[in-house]
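Enquirer: Whatever this is, show me its structure:
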Amino acid sequence: MTDYITTAEAAQMAGYTEDYVRRLARTQKVKSDKKGGQYWIDRDSLVTYMDMVKAMGSQRFNWRRKQ
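Expert: Residues are numbered from 1 along each chain as shown. Sure, this is the predicted structure:
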């Protein structure tokens with residue numbers, strides 16, 4: 001069963017702003033459901049995204065890197 005959290009909980013967990021978490025959801029970088037005008041973020045997807053960003057380190061800012 002998928003565990004969904006609010007954008008506020010996701011932002012606090014990840015150390016991001018709520019606006020950035022919404023952007024991640026809109027661009028489908030994290031799995032989410034939109035219910036009643038609010039995004040509900042899949043916790044496992046957010047953790048996976050955070051791990052990926054941490055693994056890239058400073059390379060996440062390199063525009064020449066391969067996706």
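
Enquirer: Contact partners for A11?
Expert: Neighbouring residues of A11 by C-beta atoms under 8 Å, 6 or more residues apart in numbering: T17, E18, Y20, V21. C-beta: built from backbone N, CA, C; applies to glycine.

Enquirer: Now which of those would you call buried?
Expert: V21 (16 or more other C-beta atoms under 10 Å).

Enquirer: Counting only helices, which of the contacts of A11 make the cut?
Expert: Secondary structure from DSSP state H places E18, Y20, V21 of the contacts of A11 in helices.

Enquirer: Let me know whether S32 touches I41 as I believe.
Expert: Yes - in this structure S32 lies within contact range of I41 using C-beta atoms under 8 Å: 5.0 Å.

Enquirer: top helix in this protein by residue count?
Expert: Ranking each helix of the chain by length (DSSP H) puts helix 43-56 first.

Enquirer: now what about it, what contacts it?
Expert: 2-5, 10, 13-14, 21, 24, 29-32, 60.

Enquirer: most neighbours, which of those residues?
Expert: A10 (27 neighbours; other C-beta atoms under 10 Å).

Enquirer: Could you tell me which residues make contact with it?
Expert: By C-beta under 8 Å, 6+ apart, the contact set of A10 is Y16, V21, V30, I41, R43, L46.

Enquirer: these two touch, right, the second one and Y39?
Expert: Yes - between V21 and Y39 there is a contact under C-beta under 8 Å: 7.4 Å.

Enquirer: list residues touching both of these two?
Expert: T7.

Enquirer: Next, work out how far apart the residue lying farthest from the centre of the chain and E9 are.
Expert: Ranked by distance from the centre of the chain (C-alpha atoms, centre = their mean), the top residue is R64, with 22.5 Å. Distance from R64 to E9, counting by C-beta to C-beta, to the nearest Å: 35 Å.

Enquirer: Cool, thanks, signing off.
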